[in-house]
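Novice: Quick one, what's the 3D model for this:
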Amino acid sequence: MGRRMTIKDVAKEANVSVATVSYVLNGKDNISADTQLRVRKAVQKLGYVTNLSARSMTTNESRLIGVIIPQTEPGQRLLFHNAFYSEMVGSIEFHARNQGYHILITGANADEDYLTLVKQRNLEGIIIVGIYPDAFYTELKKAQIPIVLVDSYCQDFYFHNVQINDRYGGYLATKHLLECGHREIAMVVSTLRSGGVSDARFNGYKDALEEYGVPFRKEYVFEANVDFESAKEQARRIVSSRHPITAVFAFADLMAVGLMKEFSNLGVRVPDDMSIVGFDDLDLSRLCIPSLTTIHQDIQEKGAKAVEILLSDIKGKSQGKQEVVLPISLVRRDSVKNLLEKQTHEKEGKRGI
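Specialist: Modelled structure (predicted):
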């Protein structure tokens, strides 16, 4: 392989100074059209590519933003087996790249000094997806760079926020089951953490039960990791509990599909014997059989908004803390049985209609 072309080579080829090449490549508008043309022809001829690391040292602009997503456990693999995070990061990368930025994806342990990585990589901003200990947020504030939190209920004024109303989503999901005549409704939820997404959706579940006068039963709440296998284990627990449960609200679509799979293995038919509502409206919710009734949120838009807010702050255009709450809605599919329709048919049959 030949040696890498440098900015000095471009300057020599174009017969201009190194400073002039730098001005042209950085879009300075006080350079003559003829000089700009010579420089760009030299760049094309030599195949010169800007050394972003060197540029970062001179301009303090790395064009690099950090993206933190949760891990299965501290120090373990990232949660890319959950399509929610794949869609989120895909959207962040797309919109960042279209604005000339690249992303550095990582997980962060509760005891990890992420601030060191911020300095080593000269990150210009950070997008944090999910919930982390308060100490982690406190440490990151020391970086003094723009930070956007996605799906976090941290109310520190330093951070921007992009989220949905998770409590309302939990309410919508449970309300739909109640409207379909279900009263013995379980919830399969991720580990409950005060002030987190799981806690918000759980409270929405309780709100709907209270509105319909249905007593909350602690034994109907099943905590699990947000993954397929953990959800299957909860399906076995639900069946073995012998509680008269007729419906389940699952914290996430991935968990809902795991429940459906194991219920089928156990001879419990969905929706005939057990109704299920998920949350997220991932592609798999439309592809599974039966298709999954779920709470829709626009994951792509979440990622786009996070990038928009972050870059606005990086470029000095932000007018203080930004908070965006995106809309959600119920998507009715085939995983919920309407018990009231059955009762209506039975009454009509008795009347001879």
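Novice: can you pull out the helices in this protein?
Specialist: 7-14, 18-25, 33-46, 52-59, 83-97, 114-121, 134-140, 166-179, 197-211, 228-241, 253-265, 283-287, 299-314, 339-350 (DSSP state H).
Novice: Same list, those, but as CSV with mean pLDDT and mean neighbour count please.
Specialist: The way it works is simple: take the backbone N, C-alpha and C, and place the C-beta from them, glycine included. Converted to CSV, the helices of the chain look like this (pLDDT from 0 to 100; neighbours: other CB atoms under 10 Å):
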stretch, mean pLDDT, mean neighbour count
helix 7-14, 88, 18
helix 18-25, 84, 18
helix 33-46, 88, 15
helix 52-59, 52, 12
helix 83-97, 94, 19
helix 114-121, 80, 15
helix 134-140, 87, 15
helix 166-179, 98, 22
helix 197-211, 97, 20
helix 228-241, 96, 18
helix 253-265, 97, 23
helix 283-287, 94, 15
helix 299-314, 96, 21
helix 339-350, 64, 11
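Novice: Could you measure from the nearest residue to His102 once chain neighbours are set aside over to Ile128?
Specialist: Using CB to CB, 6 or more residues apart in numbering and skipping residues adjacent in sequence, the residue nearest His102 is Leu64, 5.5 Å away. Separation of Leu64 from Ile128 (CB to CB, to the nearest Å): 15 Å.
Novice: For those two, indicate the residue with more neighbours.
Specialist: Per other CB atoms under 10 Å, whichever of Leu64 and Ile128 has more neighbours is Ile128, with 25 against 17.
Novice: if you skip the residues just before and after it, what's nearest to that one?
Specialist: Among residues not flanking Ile128 along the chain, Ile68 sits closest, at 4.7 Å (CB to CB, 6+ apart).
Novice: I figured the one you found hits Tyr114, correct?
Specialist: Yes: between Ile68 and Tyr114 there is a contact at 7.3 Å, judged by CB atoms under 8 Å.
Novice: any idea of the pLDDT on the residue nearest to His102?
Specialist: Per-residue pLDDT puts Leu64 at 94.
Novice: Next, the contact list for it, please.
Specialist: The neighbours of Leu64, taking CB atoms under 8 Å, 6 or more residues apart in numbering as the test, are Leu52, Ser56, Tyr101, His102, Ile103, Leu104, Arg121, Asn122, Leu123, Glu124.
Novice: Could you break the protein into its assigned domains?
Specialist: 7-50, 64-164+300-326, 166-297+331-344 (automatic domain parsing).
Novice: now the shortest one: how far from the chain's centre is it?
Specialist: Looking back up the chat, that one is domain 7-50. A distance of 41 Å separates the centroid of the chain from that of domain 7-50, by CA atoms, centre = their mean, to the nearest Å.
Novice: repeat for stretch 282-293
Specialist: Centroid displacement of stretch 282-293 relative to its chain, using CA atoms, centre = their mean, is 19 Å.
Novice: Using PDB, list the CA coordinates for it.
Specialist: Extracted C-alpha coordinates of stretch 282-293, given in PDB (Å, rounded to 0.1, in the frame of the first residue of the first chain):
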ATOM      1  CA  LEU A 282     -41.900  -3.700  17.100                       C
ATOM      2  CA  ASP A 283     -42.000  -5.400  13.700                       C
ATOM      3  CA  LEU A 284     -42.200  -8.800  15.500                       C
ATOM      4  CA  SER A 285     -45.600  -7.800  16.900                       C
ATOM      5  CA  ARG A 286     -47.000  -7.900  13.400                       C
ATOM      6  CA  LEU A 287     -45.100 -11.000  12.400                       C
ATOM      7  CA  CYS A 288     -46.000 -13.400  15.300                       C
ATOM      8  CA  ILE A 289     -49.000 -15.600  15.300                       C
ATOM      9  CA  PRO A 290     -51.400 -14.400  16.500                       C
ATOM     10  CA  SER A 291     -50.400 -10.900  15.800                       C
ATOM     11  CA  LEU A 292     -49.900  -8.900  19.000                       C
ATOM     12  CA  THR A 293     -52.100  -6.100  20.300                       C
END
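Novice: Determine the number of other residues adjacent to Gly125.
Specialist: For Gly125, using other CB under 10 Å, the count is 24.
Novice: can you pull the contacts of it?
Specialist: Residues near Gly125 by CB under 8 Å, 6+ apart: Ile65, Gly66, Ile145, Pro146, Ile147, Val148, Leu310, Leu311, Asp313, Ile314.
Novice: In a markdown table: the residues you listed, plus distance to Leu79.
Specialist: Formatted as a markdown table, the contacts of Gly125 follow (distance: CB to CB, whole Å):
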| residue | distance to Leu79 |
| --- | --- |
| Ile65 | 19 |
| Gly66 | 17 |
| Ile145 | 25 |
| Pro146 | 24 |
| Ile147 | 20 |
| Val148 | 19 |
| Leu310 | 21 |
| Leu311 | 25 |
| Asp313 | 26 |
| Ile314 | 26 |
